[in-house]
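Enquirer: Structure for this input, please:
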Amino acid sequence: MLTAVQLRKSANAGDVKHNGVSISGGKVQNAYGGYTVGNGTVEDNRVFLSGGTVVDAYGGYATGNASLSENKSFVEGGTVTGTVYGARSASGIADQNEVFMRNGSAINIVGADSATGKITNSNVTISGGAIGTATTRGTITGAQTADGLVTGNSVTLTGGILHANVYVAKTTGNGTAQGNYISLGDDDHRDLTATATTDFSDANLYGADLHNATTSSGNNDLKVYAKNVAVHLVSGFDNYRFDIARGITDGTKMLTVTQDGFGSTIDGSRIKIENKEKLMEKGNPGGQITLVQGDSSNPLRFTNNTNKRVDLTNQDGYKNIEYVLELSPDTLDETTEAGVSRAEALLLTYAKFKDNVWNYDTTQDPSERNEIFGGISYYKHDTNNNKLTVDGGQEGS
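Expert: Numbers count the residues shown, from 1 in each chain. Okay, here's the model as predicted:
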């Protein structure tokens, strides 16, 4: 086994830039795109893995306080038995380092790691391959530090088989985490139905994992772009953001969680709905989306009864459209926890009740309620000035 593969190494204050290492076979202990033991800059170095077996791979690596930026590791095949890093530094700052995994297998993946340096804008993207196994659990981490600050880092999941814990950020000392996120899907991946190559059902998703719970942390979020996403567990996020855009329509189920709901009781204000206006693009004025599905044995839990129904109608300037968050079933269960609403699902109901035009034909699906209408209100708004056209024949409503 080769103990190390590296294209460029610096032992002084020199820079290490624009280097690359490709591994397509054999066995390698450590693979480095760029490596320094000095205080220079490690920038735009790459590791490409398409075959063979590697223990650890680093797009960029520094033993001192060198800065690391725009280093990348690509896993297109082969096996990584240890960890793939976009970049790793003892104490330097790290910015815009990335890991992309499209095939092959790995146990651990980290976007960037610095013991004391600031880590920003690093990203892990998993679109294929396997992380962990049924017997050896893997980890995916956007950024991790002992005592530094991690901010603006992300993990994006669009494919792959995950037997893994996924962390938006981790600290092992007194470090802090602000403004990081995990994304389920993205603008180009709006359906994550489980297949032979995409399965998140054994994935646990976590917000910031802080060694010192008293350190500052905030806005470490879960973003859900896709429908038909099923995971094992979600926990510890500051906000849960649902992007209602292309591919998200009436009757869609977005996120299913099989264990322990949100991991704790959360306030309904932490549910954020984005791009609500996209629901009306084709004229269909009403419908219902399941944002999160739990079950009776693993319910979603919300503080205080008012969060059974959150009316967003008059927010964001959408004066003619109802947007209402609802718990289903909408009953308050205080037998176990006082003031806590429990539900099997979180729903978004929407309806346009004024100034709508819908040209409906038989190739379109009606609403989940098997209805078509020009305008509608589920919550006692007056309906007027709506127009519905069906197969060329016009009816007012």
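Enquirer: drop to CA atoms for contacts and neighbour counts, all remaining ones
Expert: Fine.
Enquirer: Ignoring the adjacent residues along the chain, who's closest to Leu233?
Expert: Asn204 (4.6 Å; CA to CA, 6 or more residues apart in numbering).
Enquirer: OK, contacts around that neighbour?
Expert: Applying CA atoms under 8 Å, 6 or more residues apart in numbering to Asn204 gives the contacts Ala164, Asn165, Val166, Val231, His232, Leu233, Val234.
Enquirer: between these, which is nearest Arg246?
Expert: Nearest to Arg246 among those, counting by CA to CA, is Val231 at 21.7 Å.
Enquirer: now the host helix or strand of Val166: mean pLDDT?
Expert: For Val166, the host element (DSSP states H and E) is strand 164-171. For strand 164-171, the mean per-residue pLDDT is 95.
Enquirer: Just the buried residues of stretch 373-380, please?
Expert: Phe373, Gly374, Gly375, Ile376, Ser377 (16 or more other CA atoms under 10 Å).
Enquirer: wait, the third one sits on His381?
Expert: No - no contact is recorded between Gly375 and His381 when judged using CA atoms under 8 Å, the distance being 10.6 Å.
Enquirer: what do the two both touch?
Expert: Shared contacts of Gly375 and His381 (CA under 8 Å, 6+ apart): Phe353.
Enquirer: chain center to stretch 64-74, what's the gap?
Expert: Stretch 64-74 has its C-alpha centroid displaced from the chain centroid by 23 Å (CA atoms, centre = their mean, to the nearest Å).
Enquirer: dump the residue contacts of the residue lying closest to His381 once chain neighbours are set aside.
Expert: Using CA to CA, 6+ apart and skipping residues adjacent in sequence, the residue nearest His381 is Phe353, 6.9 Å away. Phe353 makes contact with Pro285, Asn320, Ile321, Glu322, Gly375, Ile376, Ser377, His381, Asp382, Thr383, Asn384, Asn386, according to CA under 8 Å, 6+ apart.
Enquirer: Kindly provide the distance from the nearest residue to the first one once chain neighbours are set aside to Asn45.
Expert: Of all residues not flanking Pro285 in the chain, Lys352 sits nearest, at 4.8 Å (CA to CA, 6+ apart). For Lys352, the distance to Asn45 equals 52 Å [CA to CA, to the nearest Å].
Enquirer: Then Thr198?
Expert: Computed as CA to CA, the Thr198 to Asn45 distance reads 29 Å.
Enquirer: what separates the residue lying closest to Gly82 once chain neighbours are set aside from Val80, distance-wise?
Expert: Distances taken as CA to CA, 6+ apart put Val55 closest to Gly82, at 4.7 Å, once the chain neighbours are dropped. Distance of Val55 to Val80, given as CA to CA: 5 Å.
Enquirer: Point out where this protein drops to low pLDDT.
Expert: 1-13, 214, 216, 281-283, 304-319, 330-336, 362, 364-369, 392-397 (pLDDT under 70).
Enquirer: before we move on, the earlier item: look at Val55 and Val80 and report which has more neighbours.
Expert: Legend: neighbour count by other CA atoms under 10 Å for Val55 and Val80, higher for Val80 (25 against 19).
Enquirer: who's in contact with that one?
Expert: Applying CA under 8 Å, 6+ apart, we find Val80 in contact with Thr53, Val54, Val55, Asp56, Ala57, Ser105, Ala106, Ile107.
Enquirer: Scan those residues and report the most crowded one.
Expert: Neighbour-wise, the contacts of Val80 (other CA under 10 Å) top out at Ala57, 31 neighbours.
Enquirer: which residues pair with that residue across the strands?
Expert: Ala31, Val84 (DSSP bridges).
Enquirer: how much space between it and Arg46?
Expert: Counting by CA to CA, the gap from Ala57 to Arg46 is 10 Å.
Enquirer: Need the residues touching each of these two.
Expert: Residues within reach of Ala57 and of Arg46 at once, by CA under 8 Å, 6+ apart, are Tyr32, Ser73.
Enquirer: can you confirm the residue nearest to Gly82 is in a strand?
Expert: Yes - counting by DSSP: H, G, I helix; E, B strand; the rest coil, Val55 falls inside a strand.
Enquirer: residues touching Pro299, list them.
Expert: Applying CA under 8 Å, 6+ apart, the residues near Pro299 are Asp260, Gly261, Arg342, Ala343, Glu344, Ala345.
Enquirer: how about these in TSV, adding secondary structure, neighbour count and distance to Tyr240?
Expert: Converted to TSV, the contacts of Pro299 look like this (DSSP: H, G, I helix; E, B strand; the rest coil; neighbours: other CA atoms under 10 Å; distance: CA to CA, whole Å):
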residue	secondary structure	neighbour count	distance to Tyr240
Asp260	coil	18	16
Gly261	coil	27	12
Arg342	strand	27	17
Ala343	strand	26	17
Glu344	coil	20	17
Ala345	strand	25	14
